[in-house]
Structures are given as structure tokens and as C-alpha cells.
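*Asks:* Show me how the following folds:
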Amino acid sequence: MTKLIMPILLLISAVAVGQKNSPGEYVHASLLQGKKRSLIGWSGREHSFTIDMAARSVKPSDLPEFVNIDGLIVQSTLLPVPQDIDLGHLNPSREKDLLTKYMKDELDYYRKKLREKYSQSGSEPMTIKGRVFLLWYFDMPENSKMVKRQVYLSTLFYDQVMDLNIPIFKADDFARARSLLVKMAGSLKIYNKHIDLALLSKQLNK
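*Replies:* Take a look at the predicted model:
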């Protein structure tokens, strides 16, 4: 159950590696680009979300499925929570535990299945506007010529995990990446219904 970015493949494209996991694989949120503001949005049959990107520069990235926000490339993905995990009776402590387990599973998959070594991993639970998130990161192997660090901000979204991810190419960009992820998380809006993203995109361009 992973979609960690493989640094070697970043040389030619941004490829997400995932284990198939019923009821579905990971999916990407879409960029809705407007005249004055832009959103990342995803809409399901019963639940949807948008994230406002109040930034000077927002545009599609040269890397597939990523968005270029003020020079940082950001990806938003959703991954089903394994069916054997009970999502009933959640509280902040339980959510932190589930997100920590998710992080450990991702790192374990990266290390064992993809046979990639990482170092300096860390995590930081945080609550942003009443919602529990887990910020987590790890340094790439020394032989990675492009990506120096991967940083994620994860939260539970009904029966899915929603990730925001930034691959860091310069070591001193970590603070800027962390700040951007936290800012984006603070603008997260959740809808208990399907929303028409095409219509929303048109409204943004009026």
C-alpha cells in the first residue's frame, strides 16, 4: 500500500509505485487553475475535497501528476485504508496511531520491496484546524542525484489516507516545503457529497 516516489524514475517522469489494494489503487487529485486562485480538488461519489493554493505561481509541473507551486512540486494522492483496519470510534489519539502505522508500512515497503535505503526519517503529528495530520519525511540514498528528501503530510479522509507530498531537490528547501504543506492543509475543505470539478473550474475562471 504505497505510492512513494522513486528517485531514479524522476529523471524521466514522476512515477508512483503502488501495491493494488481493494477497493482500489491510489488516485490523484486534480489541479483546478483559475484567474485569481487555484485549487487542488478530488471528487468521489459521496465525498470530495478541495485545497486552496494561495501562492504567487501555480501551474502544472513538467512531472506528471505534480503541480508546481512557487517552484516546489506537490502531489496530492488518496489511498484506501486496508479493510482490516477498524475506522469506527476514531479519536485524535487513534488517528495518530493509524497514520503512524501507515507511515511505517510505507517506509517498510520502500526499504524491503523497492530495495531502497533511506536515512534520517522523522515524523511530527500535528492538528490543523481540528484535523489530525502526520508530517513525515526521510532522506534519499546517497546515490540519488536529484531528490534529496521526501516530505509528506498525511491525514485520514473517511476510508482513505490523503497525502500531500513534496520531493525536495535542495536540502535548504525543507523548511519552505514544510511551511507550504501546512498552509495547504489549513485550507482543506471537505464536502459530504460529490462536487462537479468541471463546473468549479469554470467558476474559478469567471
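
*Asks:* Mind pulling up the pLDDT for the residue lying closest to residue 99 once chain neighbours are set aside?
*Replies:* Nearest non-adjacent residue to residue 99, counting by C-beta to C-beta, 6 or more residues apart in numbering: residue 134, 3.9 Å away. No exception for glycine: its C-beta is placed from N, CA and C like everyone else's. pLDDT for residue 134: 97.

*Asks:* swap in residue 57?
*Replies:* For residue 57, the predicted pLDDT is 83.

*Asks:* Hmm, residue 71 and residue 61 touching each other?
*Replies:* No: applying C-beta atoms under 8 Å as the test, residue 61 and residue 71 come out as separate, 10.4 Å apart.

*Asks:* any idea of the mean pLDDT in the longest helix belonging to the chain?
*Replies:* Secondary structure of the chain per DSSP state H: the longest helix is helix 92-112. Averaging pLDDT along helix 92-112 gives 87.

*Asks:* Equivalent analysis for stretch 185-202, please.
*Replies:* 93.

*Asks:* which of the residues in it are buried?
*Replies:* 185, 188, 195, 197, 200-201 (16 or more other C-beta atoms under 10 Å).

*Asks:* Columns secondary structure on top of these, output as CSV?
*Replies:* Shown next, in CSV, are the buried residues of stretch 185-202 (DSSP: H, G, I helix; E, B strand; the rest coil):
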residue, secondary structure
185, helix
188, coil
195, coil
197, helix
200, helix
201, helix
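
*Asks:* closest to residue 42 among those?
*Replies:* The closest of those to residue 42 turns out to be residue 197 (C-beta to C-beta; 8.0 Å).

*Asks:* Skipping adjacent residues, who's closest to residue 137 in space?
*Replies:* Residue 137's closest residue in space is residue 151 (C-beta to C-beta, 6+ apart), at 4.1 Å.

*Asks:* who's more crowded, residue 61 and residue 71?
*Replies:* residue 61 (16 against 12; other C-beta atoms under 10 Å).

*Asks:* how close does residue 146 sit to residue 167?
*Replies:* Taking C-beta to C-beta, to the nearest Å as the measure, residue 146 falls 8 Å from residue 167.
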